[in-house]
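Undergrad: Provided below for reference: sequence and predicted model.
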Amino acid sequence: MKKISILTGAGMSAESGLRTFRDSDGLWESHNVYDVATPEAWQRDPELVLNFYNERRRQVRKAKPNKAHLALAKLEKKYDVHIITQNIDDLHERGGSTQVLHLHGEINKVRSTVDSRLIYELDHWEMKLGDKCEKGSQLRPHIVWFGEPVPMIEKAIPIVKTADIVIVIGTSLGVYPAAGLVNYVTPFSKKIYIDPKGITENNNNFKVIKEKAGVGVPTLVNKLL
Ligand code: APR
């Protein structure tokens, strides 16, 4: 079975109604990253941070997988498919994909602030100050904030290196180390980048399909199947 590795970003979920970060109506236009998505923000004003992620969680739970998520899941009929996503939503999983690696964390999970191995599924949508782990410390969102290590990158690199086909979808490739993954693709892999903006500074000889995910991905999947 040929192996397809897929790197996705916020554009993948845009047509499910979730805002991207750096487009003109993006989340970082209306929120300051340093106020809501850094360890310093969490120290300074944890309630503001929790509220920001509560709102993200509420929206993710309302959202549904779009045509692109559903199309990627179909690839598993014929290929060994590995999705590496920068997204914190669970739309790939709900769309039917079975091998999904979350580089930047998961909105439906929370973890202990004293022991990062204590990770819990959140069954309700709202986290509050005072929600504690089994060791008695405050829980935080299971999200990689700016300035924090990205432990999953070590698992992502071999997934990219060993792929026959690499598809990058809906990401500005502006945030490292995720963006650096394209540099691990071998010259022998087929490389495809789907994004309505087309070219990025770092698209490393990818064939560019200048389309929204909801159009470009199902078309590509039909060709591959
Ligand atoms: N289909 C495909 N791509 C789209 C669509 C769409 N319908 N709409 C927008 N896009 C593209 C934009 O052209 C842009 O290239 O999605 C990309 C979104 O880029 P960013 O907002 O920078 O999101 P992303 O690359 O995922 O950001 C990476 O930055 O803030 C952090 O942790 C956050 O995981 C995120 C990381």
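TA: Yes, it's here.

Undergrad: how does the chain divide into domains?
TA: According to automatic domain parsing, the chain comprises the domains 1-17+66-104+150-225, 19-62+110-143.

Undergrad: so which bits of the protein are right by the ligand?
TA: 9-11, 14-15, 20-23, 26, 86, 104, 170-172, 174-175, 195-197, 212-213 (C-beta under 6 Å from any ligand atom). Just so you know, the C-beta spots here come from the backbone N, C-alpha and C atoms, and that holds for glycine as well.

Undergrad: of the residues you listed, keep whichever come out buried.
TA: Neighbour counting over the residues of the chain next to the ligand (16 or more other C-beta atoms under 10 Å) leaves 9-11, 14-15, 20-21, 23, 86, 104, 170-172, 175, 195, 212-213 as the buried ones.

Undergrad: tell me which of the domains of the chain sits most buried.
TA: Most buried of those, by mean neighbour count (mean count of other C-beta atoms under 10 Å): domain 1-17+66-104+150-225, with a mean of 19.

Undergrad: what about it, start to end distance?
TA: 12 Å (C-alpha to C-alpha, to the nearest Å).

Undergrad: what about P149, neighbour count?
TA: The number of residues packed near P149 is 8, by other C-beta atoms under 10 Å.

Undergrad: am I right that it falls within a helix?
TA: No - P149: not assigned to a helix; according to DSSP: H, G, I helix; E, B strand; the rest coil it is coil.

Undergrad: centre of the chain to the helix or strand hosting V208, how far?
TA: Here V208, judged by DSSP states H and E, is contained in strand 207-209. Distance of strand 207-209 from its chain centroid, counting by C-alpha atoms, centre = their mean, to the nearest Å, is 20 Å.

Undergrad: average pLDDT for the longest helix belonging to the chain?
TA: Counting by DSSP state H, the longest helix found in the chain is helix 46-62. The pLDDT scores in helix 46-62 average 96.

Undergrad: what packs against whatever helix or strand comes next after that helix?
TA: Next along the chain after helix 46-62, taking DSSP H and E as the criterion, comes helix 67-74. Counting contacts by 3 or more C-beta pairs under 8 Å, 6 or more residues apart in numbering; DSSP states H and E, helix 67-74 packs against helix 11-14, helix 91-94, helix 213-224.

Undergrad: average pLDDT for the helix or strand following the first one, rounded please.
TA: Read it as helix 11-14. Sequence order places helix 27-30 as the next helix or strand after helix 11-14, per DSSP H and E. Mean pLDDT, helix 27-30: 86.

Undergrad: what's in contact with the very next helix or strand once past helix 27-30?
TA: Where DSSP H and E defines the elements, the next helix or strand beyond helix 27-30 is helix 33-36. Helix 33-36 has contacts (C-beta atoms under 8 Å, 6 or more residues apart in numbering) with E40, A41, D45, L48, V49, F52, Y53, F146.

Undergrad: having no further points to raise, I will conclude here.
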